[in-house]
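1. fold the following, please.
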Amino acid sequence: DFIATLALIEQVGFDSAFSFIYSSRPGTKAAEYIDDTPLGVKQERLLRLQALINRQSRAFNEKLIGSVQQVLVEGLAAKGDGQLTGRAANNRIVNFVGTNNLIGQLIPVRITEALTNSLRGVVID
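-> So this is what the prediction gives:
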């Protein structure tokens, strides 16, 4: 089942997912089953799954380099340094240098760098 899950994620091209080690949920049918998968196996599978998704996310992001994305500016970037953060129409996080008066606005940003979980760019005047 795990190998089939990896194959499906690769085939569909998932580039983000919330993934966790299985834990029994009281009141569900699955809670009645015996969980005989060792914790170490679960941890290794989670790492493999997340590595695949991260590779696909990075590949998707790299295709955006050079493009201009409309970004809704949400606020200050977590890392600071005068950077703002916002979300593109594809829900990608985009960080860029800008002034606080841009917060709440929809602005064009040219993507200059792709990371696994975010993009970097420059504001187009």
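2. so is residue 120 in a helix, a strand, or just coil?
-> What DSSP: H, G, I helix; E, B strand; the rest coil gives for residue 120 is strand.
3. how about the contacts made by it?
-> Neighbouring residues of residue 120 by C-beta atoms under 8 Å, 6 or more residues apart in numbering: 94, 95, 96, 111, 112, 113. All C-beta atoms are positioned from the backbone trio N, CA, C, and that covers glycine.
4. how near is the residue located most distally from the centre of the chain to residue 8?
-> For the chain, the residue at maximal distance from the C-alpha centroid (C-alpha atoms, centre = their mean) is residue 32, at 33.1 Å. Separation of residue 32 from residue 8 (C-beta to C-beta, to the nearest Å) stands at 25 Å.
5. again, but for residue 15
-> Noted for residue 15: a distance of 14 Å to residue 8, by C-beta to C-beta.
6. between those two, which one's more packed in?
-> Comparing residue 15 with residue 8 by other C-beta atoms under 10 Å, the one with more neighbours is residue 15, at 18 against 10.
7. is it true that that one touches residue 62?
-> No - between residue 15 and residue 62 there is no contact under C-beta atoms under 8 Å: 11.1 Å.
8. would you map the strands across the chain?
-> Using DSSP state E, the strands of the chain run over 68-76, 83-88, 93-97, 106-114, 119-123.
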